[in-house]
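1. Take this sequence and fold it.
(one chain, ligands or ions: 1)
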Amino acid sequence: MEEAEYDLYKDVAIIAGPSSLDLGTAIANHLDAELVPVDLRIFPDGESKIKVRKVEKDYCIIVQSTYPPTDRHLLQALMMINRCLENGSANVWAVMPYMAYSRQDREFLDGEVVSTALVAKLVENVGTKRLITVDIHSPASLSYFTIDTQNISAVGLLAEYAADKIKPNAPIVVSPDLGGAKRAAELARILGTDMIVLTKSRDKDTAQVFIEEKELNSNVVGRDLILLDDMISTGESIVEACRFLRRYKPNKIYALCTHALLLGDAMTRIKAAGVEEIISTNSIPGIYAKVDLAQLISAQLENSINAKNHP
Ligand code: R5P
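-> The predicted structure follows:
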């Protein structure tokens with residue numbers, strides 16, 4: 001006899017945090033789970049005051065991406081997790097599509113704080129039972145958690161967007177660095193095309209980006225290039241990659257990423273570097289958040305909840 005599916009509306013609440021109100025709402029709709037909006041007040045000194053309505057559910061799932069203001073969004077997440085635990089939920093899960101502090105996963109320079117490890121400790125010690133994130137910068141950083149963690153890939157959705165909306169001409173996928181090679185290979189595989197991996201380095205003190213001069217392994221003349229990165233932050237990596245690639249006379253260049261932080265004048269500089277279009281997911285809301293993560297995250301949540309109840 002087939003096991004009955006868990007009654008998501010009865011037993012699951014989605015808490016849509018202030019940084020991910022739309023995404024959280026969409027996830028609740030996909031799951032047909034109860035949506036719990038959050039009351040937020042920011043005091044003049046910058047402190048957050050958060051109110052979460054008490055719900056009696058087995059699962060309280062907090063959706064809160066920790067993009068800038070990073071520390072504020074992170075602390076708000078911890079506050080909501082803590083409140084749900086105090087409200088008596090047995091399973092408090094955190095969905096942080098953009099996971100802050102995942103870059104500092106080791107002591108690169110003497111004396112640096114390994115902030116990834118600290119954040120893992122905070123998220124875990126406050127009572128989180130499971131963490132779900134998307135294309136985390138360093139998957140290795142999840143090893144600092146002892147709770148269950150899931151890192152979902154948005155590459156499939158980005159590929160779908162590229163194929164349906166961009167309809168690129170003889171595309172080649174480009175990873176700006178070695179770290180992104182696996183992700184780029186996956187995108188190239190889905191699009192049925194080849195890829196190029198550039199060699200990037202960054203000065204650890206000044207953060208300046210350098211792309212190594214080398215011959216490309218493919219002829220890109222007249223072809224559309226799809227630059228893929230996990231995140232675009234200052235835009236420096238994309239700008240430098242474009243500067244290098246332009247010399248080889250490609251057709252259009254597109255920049256795809258999961259997390260578009262686009263800090264400062266990144267957007268303007270990327271456009272000036274000749275990027276036709278920037279495309280990202282809605283892990284961070286904004287005009288480039290063209291790829292919706294709601295269904296992907298919902299499916300993952302539903303599977304995990306069902307697996308937990310019918311192991
Ligand atoms: C670095 O290894 C990452 O994958 C991204 O390439 C990087 O974080 C992007 O940062 P930015 O836009 O500041 O160059």
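
2. how about the strands of the stretch 201-311 of the chain, start to end?
-> 209-211, 225-232, 253-260, 275-281, 289-291 (DSSP state E, counting those that start in this stretch).

3. which strands and helices sit next to the second one?
-> For strand 225-232, the packing partners by 3 or more CB pairs under 8 Å, 6 or more residues apart in numbering; DSSP states H and E come out as strand 172-175, helix 181-191, helix 236-246, strand 253-260, strand 275-281. For glycine as for every other residue, the C-beta is placed from the backbone atoms N, C-alpha and C.

4. how about a cut-off of 10 Å?
-> helix 155-161, strand 172-175, helix 181-191, strand 195-197, helix 236-246, strand 253-260, helix 266-272, strand 275-281 (3 or more CB pairs under 10 Å, 6 or more residues apart in numbering; DSSP states H and E).

5. Columns distance to residue 167 on top of the strands of the stretch 201-311 of the chain, output as TSV?
-> Formatted as TSV, these follow (distance: least, CB to CB, whole Å):
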stretch	distance to residue 167
strand 209-211	28
strand 225-232	12
strand 253-260	11
strand 275-281	12
strand 289-291	14
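
6. what bridges to the residue nearest to residue 184 when sequence neighbours are not counted?
-> Leaving out its chain neighbours, the residue that sits closest to residue 184 by CB to CB, 6 or more residues apart in numbering is residue 175, at 3.6 Å. Counting by DSSP bridges, residue 175 forms beta bridges with residue 197.

7. Residue 193 - nearest residue in space that isn't next to it in sequence?
-> Of all residues not flanking residue 193 in the chain, residue 171 sits nearest, at 5.3 Å (CB to CB, 6+ apart).

8. contacting residues for the one you found?
-> Shown in contact with residue 171 (CB atoms under 10 Å, 6 or more residues apart in numbering): 162-163, 187-188, 191-195, 220, 223-226, 250-252, 254.

9. Buried among those residues? Make that a PyMOL selection.
-> Buried subset of the contacts of residue 171, written as a PyMOL selection, criterion 16 or more other CB atoms under 10 Å:
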select buried, resi 162+187+188+191+193+195+220+223+224+225+226+250+252+254
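
10. sorry, back to before: let me know which of the strands of the stretch 201-311 of the chain is the nearest to the ligand.
-> The ligand sits nearest to strand 225-232 of all these, at 4.5 Å, using CB to the nearest ligand atom.

11. Run me through the strand neighbours of the closest one, direction for each.
-> Paired neighbours of strand 225-232 in the sheet (DSSP bridges): strand 172-175 (parallel), strand 253-260 (parallel).

12. Can you add mean pLDDT and distance to the ligand and give these back as CSV?
-> Below are the strands paired with strand 225-232 laid out as CSV (pLDDT from 0 to 100; distance: least, CB to the nearest ligand atom, whole Å):
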stretch, mean pLDDT, distance to the ligand
strand 172-175, 98, 9
strand 253-260, 98, 8
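
13. Would you point out which residue is most central in this structure?
-> Note on the chain: the residue nearest the mean C-alpha position is residue 98, at 3.7 Å, using CA atoms, centre = their mean.

14. is it true that that one touches residue 232?
-> No: in this structure residue 98 lies outside contact range of residue 232 using CB atoms under 10 Å: 11.7 Å.

15. Which neighbours do these two have in common?
-> With CB under 10 Å, 6+ apart, residue 98 and residue 232 have common neighbours 258-261, 284.

16. pretty sure residue 77 is in a helix, no?
-> Yes: assigned with DSSP: H, G, I helix; E, B strand; the rest coil, residue 77 falls within a helix.

17. where does it land on pLDDT?
-> On the pLDDT scale, residue 77 is placed at 98.

18. Same question for residue 310.
-> Residue 310 carries a pLDDT value of 75.

19. What distance do you get for it to residue 304?
-> Per CB to CB, to the nearest Å, residue 310 is found 12 Å from residue 304.

20. The two: which is more packed in?
-> Counted by other CB atoms under 10 Å, residue 310 and residue 304 do not tie: residue 304 has more neighbours, with 18 against 11.

21. for that one, what are its contacts?
-> Residue 304 makes contacts with 59, 61, 91, 93, 130, 132, 148, 150, as judged by CB under 10 Å, 6+ apart.

22. quick one: what helix or strand has the fourth one in it?
-> I take that to be residue 93. Here residue 93 is covered by strand 91-96, with elements defined by DSSP states H and E.

23. quick one: average confidence on that strand?
-> 98.

24. after it comes which helix or strand?
-> By DSSP H and E, the next helix or strand past strand 91-96 is helix 115-125.

25. Against which helices or strands is that following helix packed?
-> helix 70-86, strand 91-96, strand 130-134, strand 148-152.

26. residues in contact with it?
-> Counting by CB under 10 Å, 6+ apart, 66, 74-75, 77-78, 81, 94, 96, 99-107, 114, 128, 131, 136-138, 140-147, 149 sit against helix 115-125.
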